[in-house]
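Student: Model the following, please.
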Amino acid sequence: MKKQSNTLFLAQSAMIAAIYVVLTVILAPFSYGEVQVRVSEALTILPVFTPAAIPGLFVGCLISNILGGCILPDIIFGSIATLLGACFTYLLRNRNKFLAPLPPIISNILIVPFVLHYGYQVPLPIPFLMGTVGIGEVISCGILGMIVYTILDKHRVAIFRTAA
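Tutor: Numbering: from 1, shown residues only. Prediction:
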């Protein structure tokens, strides 16, 4: 039984990572830069449904940043921002559903502008970059993420069942 549970967890994590990568790479013009709406970040709502989303989102972001040609600090800290957001979303899973998108929005607002400013030498003030990153995250996590939540919540038992 434990092996079946581990297999399901791994399969869910891998699928989430793969979907994150595909969405990010296909929508690359919107996924990178100082003004970005990374549609794949809508998936950061998934830890509400399964803890398997936490490593899935982290690995998906890591691979996306590597494939996107990001610099090492972005690969590391951008992925950590997604990991932190996913972990805190999981911790909020039994609270008000409207709190779930906040952790990835906040973690990206607090981390990504510094990577853009110091890593990529974007000559814009950090508070401005926080605003642009924040707008993109509100669109992807807040709006699109809540749409994903609404759709998946209706089918949560069938999609995110646990191994018997």
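
Student: distance between whichever helix in the chain runs longest and the chain's centre?
Tutor: Ranked by residue count and defined by DSSP state H, the top helix of the chain is helix 2-26. Remark: helix 2-26 is offset 13 Å from the chain centroid, using CA atoms, centre = their mean, to the nearest Å.

Student: swap in stretch 16-32?
Tutor: Taking CA atoms, centre = their mean, one finds the center of stretch 16-32 at 11 Å from the center of the full chain.

Student: just stretch 107-126 next, same as before
Tutor: Per CA atoms, centre = their mean, the centroid offset for stretch 107-126 relative to its chain is 18 Å.

Student: from what I can see C61 touches G85, true?
Tutor: No. Between C61 and G85 there is no contact under CB atoms under 8 Å: 9.6 Å. No exception for glycine: its C-beta is placed from N, CA and C like everyone else's.

Student: Count the neighbours of F49 for me.
Tutor: A count of nearby residues for F49, using other CB atoms under 10 Å, gives 20.

Student: Quick check: phi and psi at it.
Tutor: phi -100, psi -30 (degrees, to the nearest 10).

Student: Look up how far F114 lies from it.
Tutor: 31 Å (CB to CB, to the nearest Å).

Student: Just give the number of residues close to G134.
Tutor: If we define neighbours as other CB under 10 Å, then G134 has 18 of them.

Student: OK, contacts around it?
Tutor: I105, N108, I109 (CB atoms under 8 Å, 6 or more residues apart in numbering).

Student: which stretches of the protein form strands?
Tutor: Assigned by DSSP state E, the strands in the chain number zero.

Student: before we move on, the earlier item: return the subset of the contacts of G134 lying in helices.
Tutor: Going by DSSP H, the helices hold I105, N108, I109 from the contacts of G134.

Student: Name all residues that make contact with the residue nearest to I106 when sequence neighbours are not counted.
Tutor: Nearest non-adjacent residue to I106, counting by CB to CB, 6 or more residues apart in numbering: G85, 7.5 Å away. Contact analysis of G85 by CB under 8 Å, 6+ apart lists T44, L57, P103, P104, I105, I106, S107, N108, C141.
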